[in-house]
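1. no sequence on hand, only this structure:
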């Protein structure tokens, strides 16, 4: 689970570990990551391994998948959840803010998926790949052109991979969580 040490990724990691899955969480901040992995092991009595990885770097994604296979004998599910925000209205957005968000969400998911996909094909048993999108990418949200474009891109990426994966038993889905409360009514 990329971005598995915080927020939605951590909740997903907790659920998988509590259900008996062997879970690998990755993030860029090693100290926080290792603490999250330790906390998740204690909370769930599960098998949770923390691996430092930057999903924007091909070599980190290769190492992440290779170490997962070495540690647990294979990979069945990849959840692309790593993400960042650099919210700003489009007229004020910098190129660096655009690039950073698109790189983490879209390129990071591409790189992690590329290496997991290859391993799933070699294993020959299929697999599951889940992309984390957002309502910002599907219906829009003010001040999030970079984030919305990246999240919409993930939905398109998923649609094509879902078609290509059928032949190999690899199921690809996208989740677009959203929340409504009194705080978000506007």
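-> Yes, it's here. From a predicted model like this one, the values you see are computed outputs, not experimental measurements. Numbering: from 1, shown residues only.
2. which residue ranges of the chain form helices?
-> Applying DSSP state H to the chain gives helices spanning 7-18, 30-44, 58-72, 95-102, 108-123, 135-138, 145-165.
3. ranking those by burial, who's on top?
-> When you average the neighbours per residue for each of these (mean count of other CB atoms under 10 Å), helix 108-123 leads with a mean of 20. Any C-beta I mention is one placed from the backbone N, CA and C, and that applies to glycine too.
4. got TSV for the helices of the chain, with mean pLDDT and distance to residue 171 too?
-> Converted to TSV, the helices of the chain look like this (pLDDT from 0 to 100; distance: least, CB to CB, whole Å):
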stretch	mean pLDDT	distance to residue 171
helix 7-18	96	16
helix 30-44	95	25
helix 58-72	97	18
helix 95-102	98	26
helix 108-123	98	10
helix 135-138	94	20
helix 145-165	98	6
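5. quick one: mean pLDDT for stretch 174-186?
-> On average, the pLDDT along stretch 174-186 is 78.
6. one more: stretch 77-90?
-> Averaging pLDDT along stretch 77-90 gives 97.
7. now it: buried residues?
-> 78, 79, 80, 81, 82, 83, 84, 86 (16 or more other CB atoms under 10 Å).
8. out of those residues, which is nearest to residue 23?
-> Residue 23 has its nearest neighbour among these in residue 79, at 9.7 Å by CB to CB.
9. tell me which residues touch residue 17, please.
-> By CB atoms under 8 Å, 6 or more residues apart in numbering, the residues touching residue 17 are 23, 40, 41, 43, 44, 46, 47, 48.
10. so can I have JSON lines of these showing distance to residue 14?
-> Output for these, formatted as JSON lines (distance: CB to CB, whole Å):
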{"residue": "23", "distance to residue 14": "9"}
{"residue": "40", "distance to residue 14": "6"}
{"residue": "41", "distance to residue 14": "10"}
{"residue": "43", "distance to residue 14": "6"}
{"residue": "44", "distance to residue 14": "6"}
{"residue": "46", "distance to residue 14": "8"}
{"residue": "47", "distance to residue 14": "13"}
{"residue": "48", "distance to residue 14": "9"}
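11. hmm, which two among those residues are most spread apart?
-> Checking those with CB to CB, the most distant pair is 43 and 47, at 12.7 Å.
12. from the buried residues of stretch 77-90, which is closest to residue 9?
-> Once CB to CB is applied, the member of those that ends up nearest residue 9 is residue 81, at 4.1 Å.
13. and that closest one, what does it touch?
-> 1, 2, 3, 4, 8, 9, 12, 132.
14. thinking again about what came up before, for the contacts of residue 17, which one is nearest residue 137?
-> Closest to residue 137, out of all of the contacts of residue 17 and judged by CB to CB, is residue 23, at 26.0 Å.
15. how many neighbours does the closest one have?
-> 28 (other CB atoms under 10 Å).
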